[in-house]
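Asker: Model the structure of this input:
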Amino acid sequence: MTGNDSASTHALSDVLDTLEASLGDDRVTVGDVVDNLGQASFASIMLVFSLVAASPASAIPGLTALVAMIVLTLVVQMMLGRESLWLPDLVTRKGMDSAKVKKGIAWVRKPVAWVEKLLKPRLTFLLRTPWLWLPMVLIAGLTLFMPFMELVPTSGSIASAVIALFAASLLTRDGVLTCLSLALLLVVPLTLYFI
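Answerer: This is a model prediction of the structure:
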């Protein structure tokens with residue numbers, strides 16, 4: 001494995017480290033998180049918010065809807081080719097309890113560390129247009145239903161986990177993970193039907 005490959009497979013933990021370092025003692029705003037990750041880091045920002053929403057922190061009322069709004073905004077701006085993220089003030093001012101976010105980070109660290117061992121750049125053509133449009137359009141569609149998922153326990157976490165996999169595939173340049181996220185995205189409606 002080359003040095004670049006090694007760096008890319010640890011990208012997920014690096015994002016969590018950056019997020020954890022940005023947390024204060026009381027509350028953290030969406031704007032604080034975006035500023036710390038960098039406004040050009042679309043995949044990192046998508047990963048962070050989807051992981052938080054997939055963790056026990058998803059119990060925070062309104063979090064799933066907030067993450068859906070952020071991810072939809074991210075995906076649309078990625079499709080438009082923007083180089084830096086813009087979020088409305090209404091979203092950037094939203095606050096989250098730092099203790100709950102820290103708890104969520106601690107919860108996802110173990111699965112993230114395990115997943116990182118399996119990731120490497122492969123099938124990278126899937127992460128370029130026009131191939132990349134398919135997962136982005138499907139994830140944009142998923143976010144439109146996520147606010148309603150707060151009514152069904154755990155459903156928002158499942159949707160957020162799928163988005164996290166897609167974001168992780170972007171960060172690590174792993175097209176296999178992109179395919180996995182697409183496969184799981186197709187399973188989400190069935191899972192929700194049987195829940």
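
Asker: As a check, name the ranges of all strands in the chain.
Answerer: 27-29, 95-97 (DSSP state E).

Asker: I'd like the ones you listed laid out as CSV, including mean pLDDT.
Answerer: Supplementary listing: those in CSV, determined by pLDDT from 0 to 100:
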stretch, mean pLDDT
strand 27-29, 86
strand 95-97, 82
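
Asker: Of all the ones you listed, which one comes closest to L87?
Answerer: Closest approach to L87 among the strands of the chain is made by strand 27-29 (10.7 Å; C-beta to C-beta). Any C-beta I mention is one placed from the backbone N, CA and C, and that applies to glycine too.

Asker: S181 is in contact with S169, correct?
Answerer: Yes - between S169 and S181 there is a contact under C-beta atoms under 8 Å: 6.2 Å.

Asker: The two: which has the busier surroundings?
Answerer: The neighbour count for S169 versus S181, taken as other C-beta atoms under 10 Å, is higher for S169 (27 against 22).

Asker: The residue nearest to the more buried one when sequence neighbours are not counted and P88: what is the separation?
Answerer: Spatial nearest neighbour of S169, excluding adjacent residues (C-beta to C-beta, 6 or more residues apart in numbering): L177 at 3.7 Å. According to C-beta to C-beta, to the nearest Å, L177 stands 30 Å off from P88.

Asker: Q77 now?
Answerer: Q77 is 12 Å from P88, by C-beta to C-beta.

Asker: Between these two, which is the more surrounded one?
Answerer: Using other C-beta under 10 Å as the criterion, Q77 and P88 rank with Q77 on top: 16 against 9.

Asker: Can you tell me how far the nearest residue to that one once chain neighbours are set aside is from A68?
Answerer: Leaving aside its chain neighbours, Q77 sits nearest to L85 (6.2 Å; criterion: C-beta to C-beta, 6+ apart). The gap separating L85 from A68 is 16 Å, by C-beta to C-beta.

Asker: more neighbours, these two?
Answerer: Legend: neighbour count by other C-beta under 10 Å for L85 and A68, higher for A68 (27 against 19).

Asker: Could you find the closest non-adjacent residue to that one?
Answerer: The shortest distance from A68 to any non-neighbouring residue, by C-beta to C-beta, 6+ apart, is to M146 (3.5 Å).
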